[in-house]
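Peer 1: Pasting a predicted model and its sequence here:
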Amino acid sequence: MSKIIAVNAGSSSLKFQLFEMDDESVITSGIVERIGMDDAIFTIKYNGQKETKTLSVPTHNEAVELLLKTLIDKEIVHDLTEIKGIGHRIVQGGPYFDQSVIINEDVKAKIKELIPLAPLHNGPHLIGIEAFEKAIPEAGAVAVFDTAFHQSIPDSASIYPIPYEVSEKYKIKKYGAHGTSHRYVSERVIELLGKPEHSHIIVAHLGAGGSLTAVKDGKSVNTSMGLTPLAGVMMATRCGDVDASVFDYLCEQCGYEPHDVFEMFNKKSGLLGVSGVSGDMRDVKAAADEGNKRAQLAISIFERRVVDYIGKYYMELGHVDAIAFTAGIGENSSFVRHDILNMISEATGVVIDDDANENGKGERLITKPESKIKVYVVPTDEELMIARDTKRLLNL
């Protein structure tokens, strides 16, 4: 029996799945959402049950402690040493990692060094790594990097048009993120399409963080996040793409310090910054339905930014066989999917199946047979990909 726990620490969440890897069955799974808020939500599924409670979870460290204590209290495991492997999702591997690796002190040092490239993620990742090391020191640990899938992006799409020698010296380029999710979802869509020899797919990973990826024949050829996860579409608290001169203007003309602007762009912008309500789409939607104009504007900007990237990648790929929505918003917000598909329908020939979109559950096709592009909802399973890499590298 080989138990592996896959840990996915997001900017405001901690997802986990405990697997019995002999058959890849899930023993338990869950998520701590809204980390950093007084009304964080802890959901755990085990033995056919689902339990949810709301409580204060100030940081990721408390989230890890909550998870491990619950595993023992619920007798999901009798002892933490039953867990032989821990797979950690790591957003940013920079130029150092083009594949998953066993974690050691050098790996942790490099993850720490790369915090500036993923300020909302690599720090929480390290907290998770060290918390699990302390709790289960006998277990092996593996880092699975989101940037690895995007190593196939050509230089013409990944090198920024700044002086080339600056890019070379400081390793400045588009690294992307969410690669583990994009890899899983695109592979699953290829299966749903009947495993064609050639495939052109757009994956829309829309959650607290969001990115879109153009996938050609199973390989990433472009993605919306850049040097850091700040680039691309509007997100929960990140601004996404803005004119770079906005940064300079705020510093030189408005009196902001550079660190404060960077903090603003990462933690105070996006859905939160525009709506003034929350970075959580559920809260923003509720406010919009009550007539809050800023909340309505926030949703409109969010959807339009996604449409922009779908259009960009549609043209870049030449044609698109399928679009897949995944992650928290992509999987659960039917109104977001409807609005986005409605905006692209005339140009792309997408014909949405409203019943499948609004009332269907889980993985499904949400377009009608006459649609020129198939559109799927595919719940991402980054945790399974992480667990598989962990098992392989630790020889479990």
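Peer 2: Great, that's in hand.
Peer 1: could you check the distance from residue 19 over to residue 2?
Peer 2: 8 Å (CB to CB, to the nearest Å). Placement of C-beta: from N, CA and C, glycine included.
Peer 1: Between these two, point out the one with more neighbours.
Peer 2: For residue 19 and residue 2, the more surrounded residue by other CB atoms under 10 Å is residue 19, and the numbers stand at 27 against 16.
Peer 1: Do I have it right that the more buried one meets residue 384?
Peer 2: Yes: if you go by CB atoms under 8 Å, residue 19 and residue 384 touch, sitting 7.5 Å apart.
Peer 1: Which secondary structure state does residue 214 sit in?
Peer 2: Here residue 214 is recorded as strand under DSSP: H, G, I helix; E, B strand; the rest coil.
Peer 1: what about the residue lying closest to it once chain neighbours are set aside, which SS state?
Peer 2: Spatial nearest neighbour of residue 214, excluding adjacent residues (CB to CB, 6 or more residues apart in numbering): residue 313 at 3.9 Å. Under three-state DSSP, residue 313 falls in the helix class.
Peer 1: Report how many residues lie close to residue 313.
Peer 2: 25.
Peer 1: The chain should start at 708 in everything you say after this.
Peer 2: Happy to do that; since the first residue is 708 now, the last one works out to residue 1020.
Peer 1: sorry, back to before: intersection of neighbour lists for residue 726 and residue 1091?
Peer 2: Counting by CB atoms under 8 Å, 6 or more residues apart in numbering, the common neighbours of residue 726 and residue 1091 are residue 713.
Peer 1: Quick one: residues contacting residue 919.
Peer 2: 909-912, 930-931, 939-940, 1013, 1016-1017, 1020.
Peer 1: let's see it at 7 Å
Peer 2: The contact partners of residue 919, by CB atoms under 7 Å, 6 or more residues apart in numbering, come to 909-911, 931, 940, 1013, 1016-1017, 1020.
Peer 1: So which of those belong to helices?
Peer 2: Among the contacts of residue 919, the subset assigned to helices under DSSP state H consists of 1013, 1016-1017, 1020.
Peer 1: What helices and strands are in contact with the helix or strand bottoming out on mean pLDDT in the chain?
Peer 2: None of the helices or strands of the chain scores lower by mean pLDDT, DSSP states H and E than helix 829-842, at a mean of 87. Contacts defined by 3 or more CB pairs under 7 Å, 6 or more residues apart in numbering; DSSP states H and E place helix 829-842 against strand 710-716, helix 767-780, strand 790-797, helix 812-820, strand 847-852.
Peer 1: Now do the last one, average pLDDT.
Peer 2: Along strand 847-852, the predicted local confidence has a mean pLDDT of 96.
Peer 1: Repeat that for stretch 756-765.
Peer 2: 93.
Peer 1: Only the buried residues of that stretch, if you could.
Peer 2: residue 764 (16 or more other CB atoms under 10 Å).
Peer 1: who touches that stretch?
Peer 2: Counting by CB under 7 Å, 6+ apart, 739, 742-743, 745-751, 770, 773 sit against stretch 756-765.
Peer 1: Quick one: buried ones out of the residues you listed?
Peer 2: Here, 16+ other CB under 10 Å leaves 739, 742, 747-749, 751, 770, 773 buried among these.
Peer 1: For the residues you listed, work out which two are farthest apart.
Peer 2: 742 and 751 (15.2 Å; CB to CB).
Peer 1: just the helices in the stretch 958-1103 of the chain please.
Peer 2: 965-974, 977-982, 988-996, 1000-1024, 1034-1039, 1041-1055, 1061-1066, 1089-1101 (DSSP state H, counting those that start in this stretch).
Peer 1: Export the ones you listed as a markdown table, with columns for distance to residue 825.
Peer 2: Shown next, in a markdown table, are those (distance: least, CB to CB, whole Å):
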| stretch | distance to residue 825 |
| --- | --- |
| helix 965-974 | 10 |
| helix 977-982 | 16 |
| helix 988-996 | 22 |
| helix 1000-1024 | 20 |
| helix 1034-1039 | 17 |
| helix 1041-1055 | 25 |
| helix 1061-1066 | 32 |
| helix 1089-1101 | 15 |
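Peer 1: thinking again about what came up before, ok, and for the least confident helix or strand of the chain, which residues are buried?
Peer 2: 829-836, 838-839, 842.
Peer 1: try stretch 1095-1103
Peer 2: Within stretch 1095-1103, the residues scored as buried using 16+ other CB under 10 Å are 1095-1098, 1100-1101.
Peer 1: Closest one of those to residue 793?
Peer 2: residue 1097 (7.1 Å).
Peer 1: you'd agree the closest one is up against residue 792?
Peer 2: Yes: contact criterion CB atoms under 7 Å: residue 1097 and residue 792 qualify, at 4.6 Å.
Peer 1: tell me which element residue 757 is part of?
Peer 2: strand 756-762 (DSSP states H and E).
Peer 1: Spell out which strands sit alongside that strand in the sheet and which way each one runs.
Peer 2: Take DSSP bridges as the rule and strand 756-762 pairs in its sheet with strand 747-753 (antiparallel).
Peer 1: Export the strand it pairs with to PDB, keeping only CA atoms.
Peer 2: What follows is strand 747-753, C-alpha atoms only, in PDB (Å, rounded to 0.1, in the frame of the first residue of the first chain):
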ATOM      1  CA  ALA A 747     -12.200  30.700   5.500                       C
ATOM      2  CA  ILE A 748     -14.000  27.500   4.300                       C
ATOM      3  CA  PHE A 749     -12.600  24.100   5.100                       C
ATOM      4  CA  THR A 750     -14.100  21.200   3.100                       C
ATOM      5  CA  ILE A 751     -13.100  17.600   3.400                       C
ATOM      6  CA  LYS A 752     -14.500  14.500   1.700                       C
ATOM      7  CA  TYR A 753     -14.000  11.000   3.100                       C
END
